[in-house]
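Q: sequence-free structure coming up:
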């Protein structure tokens with residue numbers, strides 16, 4: 001027993017060192033701003049021209065007013081701009097033959113170092129008329145605006161600005177207006193090499209917070225509640241100078257309680273349930289850092305007196321969750337739709353005797369982002385429209401799913417719920433920074 005506790009103490013010390021190393025990657029505010037602007041410049045210089053060519057739009061208008069920003073515009077503002085100013089109109093003009101991309105702002109200010117102000121109010125008092133002048137000065141085939149029925153993030157042009165834009169445009173230019181839906185989605189979903197380097201750190205930090213939350217440093221069985229853990233996580237994020245993009249959840253599965261519904265675990269769980277030895281804990285947690293987001297679900301088990309490891313029957317159940325992950329991500333293929341991948345994966349998993357549910361979503365500059373939707377928890381037969389959007393390379397997803405497993409020792413079903421950031425690129429699928437492959441044991 002003395003040897004066991006020595007091993008536990010050693011593991012705890014190693015864990016603290018790993019957690020501390022993860023936290024040390026968090027940059028001071030000024031350095032974060034510098035990195036964010038470097039990433040943004042790279043996206044404007046190298047990514048946007050390619051996306052405009054791919055989607056066939058040679059002019060893109062992104063229009064919003066202060067505190068009512070288009071979701072796309074929010075991703076284009078420099079680090080020192082926390083909001084748009086007055087009415088901001090961004091004009092991106094791509095001349096493919098000359099291989100140029102003009103980045104103009106019909107605004108009183110330059111929008112950081114990447115977008116140049118092209119409106120002198122003393123010369124042209126009317127902002128909309130100045131926009132029309134800019135358009136007329138360039139040969140344009142398609143003018144994209146952010147309107148979309150099914151993809152909310154690509155539908156950022158509000159009614160007032162849309163009406164005023166249309167009133168200002170002469171008929172010959174109005175005829176060139178098209179939805180920029182595909183371009184907006186591509187801008188939102190596509191990740192660059194610089195961003196993926198940052199993503200590795202982001203997932204590492206997220207994992208460290210969860211690892212610390214699921215430890216004796218935070219949990220005292222018989223005393224600590226699930227809500228205590230949630231608010232410890234919220235406070236830890238704030239203390240590290242980070243943000244959460246959703247309120248975390250902690251839920252419990254135990255041998256003498258019936259399995260609750262999936263939605264119950266995420267929205268109606270008992271906030272003040274006291275953690276006890278023998279509990280299977282589950283968290284749903286994500287953070288925001290330098291304009292990127294994580295979304296992660298992990299499991300931990302509170303050891304009973306005399307136990308030195310997670311019971312084998314729970315370890316076996318968890319392995320089935322990993323098995324569903326492998327089946328699912330093994331079906332990723334560029335050009336396949338979310339609904340095609342979903343249907344194929346569910347069939348293969350069920351054929352192997354598993355009971356899966358898959359509800360994976362795009363992840364990146366927004367937590368529930370735009371791009372390929374691969375199931376929803378209440379739409380396992382496929383998701384109309386959003387699920388028909390094809391998989392593109394250089395994209396990140398919250399690989400979110402669960403599998404239900406019968407536990408004979410508990411005489412009930414449990415649900416293994418997993419979520420990890422995964423990247424799809426030219427070389428195939430990979431987890432951004434690994435995945436959980438075993439339930440964490442909490443010794444106390």
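A: That came through, no problem. These numbers were taken from a predicted model, which means no experiment stands behind them. Residues are numbered from 1 along each chain as shown.
Q: nearest spatial neighbour of the most centrally placed residue in the chain, skipping sequence neighbours?
A: Centroid check for the chain by CA atoms, centre = their mean gives residue 363 as the closest residue, at 2.6 Å. Residue nearest to residue 363 in three dimensions, not counting chain neighbours: residue 398, with 4.4 Å by CB to CB, 6 or more residues apart in numbering. For the C-beta atoms, the positions are set from N, CA and C on the backbone; glycine is no exception.
Q: which residues in the stretch 251-400 of the chain form helices?
A: 262-267, 312-329, 338-351 (DSSP state H, counting those that start in this stretch).
Q: Can you list the buried residues in the longest one?
A: Taking 16 or more other CB atoms under 10 Å as the neighbour-count basis, helix 312-329 is seen to contain the buried residues 314, 317-318, 320-325, 327-329.
Q: just how off-centre is that helix within its chain?
A: Averaging C-alpha positions (CA atoms, centre = their mean, to the nearest Å) puts helix 312-329 23 Å from its chain's average.
Q: Contacts made by that helix with the rest, please.
A: Helix 312-329 has contacts (CB atoms under 8 Å, 6 or more residues apart in numbering) with 280, 299, 301, 341, 345, 348-349, 352, 354, 356, 358, 360, 374, 399, 401-403, 405, 407-409, 414, 416-418, 420, 422, 429, 435, 437-439.
Q: For residue 64, which non-adjacent residue is spatially closest?
A: Counting by CB to CB, 6+ apart, the residue nearest residue 64 is residue 70, at 4.1 Å.
Q: OK, contacts around the one you found?
A: 62-64, 146, 156-157.
Q: Tell me the one of the residues you listed nearest residue 443?
A: residue 156 (49.3 Å; CB to CB).
Q: Leaving out sequence neighbours, find the closest residue to that closest one.
A: residue 70 (2.9 Å).
Q: do you know how far that neighbour is from residue 84?
A: The gap separating residue 70 from residue 84 is 8 Å, by CB to CB, to the nearest Å.
Q: hey, what's in contact with both of the two?
A: Both residue 70 and residue 84 are contacted by residue 64, under the criterion CB under 8 Å, 6+ apart.
Q: give me phi/psi at the residue nearest to the centre of the chain?
A: Per-residue torsions, residue 363: phi -140, psi 140 (degrees, to the nearest 10).
Q: hang on, it packs against residue 296?
A: No. Judged on CB atoms under 8 Å, residue 363 makes no contact with residue 296 at a distance of 10.1 Å.
Q: which residues do those two both contact?
A: With CB under 8 Å, 6+ apart, residue 363 and residue 296 have common neighbours 398, 421.
Q: quick one: secondary structure of residue 83?
A: At residue 83 the chain is in coil, as set by DSSP: H, G, I helix; E, B strand; the rest coil.
Q: For the stretch 51-200 of the chain, which segments count as strands?
A: Remark: strands assigned in the stretch 51-200 of the chain by DSSP state E, counting those that start in this stretch are 59-65, 87-95, 100-106, 116-117, 143-145, 177-179.
Q: So which of those is nearest residue 240?
A: Nearest to residue 240, of the strands of the stretch 51-200 of the chain and by CB to CB, is strand 59-65 at 30.4 Å.
Q: List the beta-bridge partners for the residue nearest to residue 363.
A: Beta-bridge pairing for residue 398 (DSSP bridges): residue 361, residue 421.
Q: Need the contact partners of stretch 18-30.
A: 35, 201, 204-205, 207-208, 211-212, 240-242, 289-290.
Q: Buried among those? Make that a PyMOL selection.
A: Buried subset of the contacts of stretch 18-30, written as a PyMOL selection, criterion 16+ other CB under 10 Å:
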select buried, resi 35+201+204+205+207+208+211+212+242+289+290
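Q: Could you tell me which of the contacts of stretch 18-30 belong to strands?
A: Residues of the contacts of stretch 18-30 located in strands (DSSP state E): residue 289.
Q: now, which of the contacts of stretch 18-30 sits nearest residue 166?
A: residue 290 (36.7 Å).
Q: which residues touch that closest one?
A: By CB under 8 Å, 6+ apart, the contact set of residue 290 is 27, 32, 35-36, 39, 198, 202.
Q: thinking again about what came up before, between the contacts of residue 70, which sits nearest residue 334?
A: Nearest member of the contacts of residue 70 to residue 334, counting by CB to CB, is residue 146, at 25.2 Å.
Q: That closest one: neighbouring residues, count only.
A: Neighbour count for residue 146, taken as other CB atoms under 10 Å: 27.
Q: Turn the strands of the stretch 51-200 of the chain into TSV, including mean pLDDT and distance to residue 78.
A: Converted to TSV, the strands of the stretch 51-200 of the chain look like this (pLDDT from 0 to 100; distance: least, CB to CB, whole Å):
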stretch	mean pLDDT	distance to residue 78
strand 59-65	97	14
strand 87-95	96	12
strand 100-106	96	11
strand 116-117	94	13
strand 143-145	98	22
strand 177-179	98	27
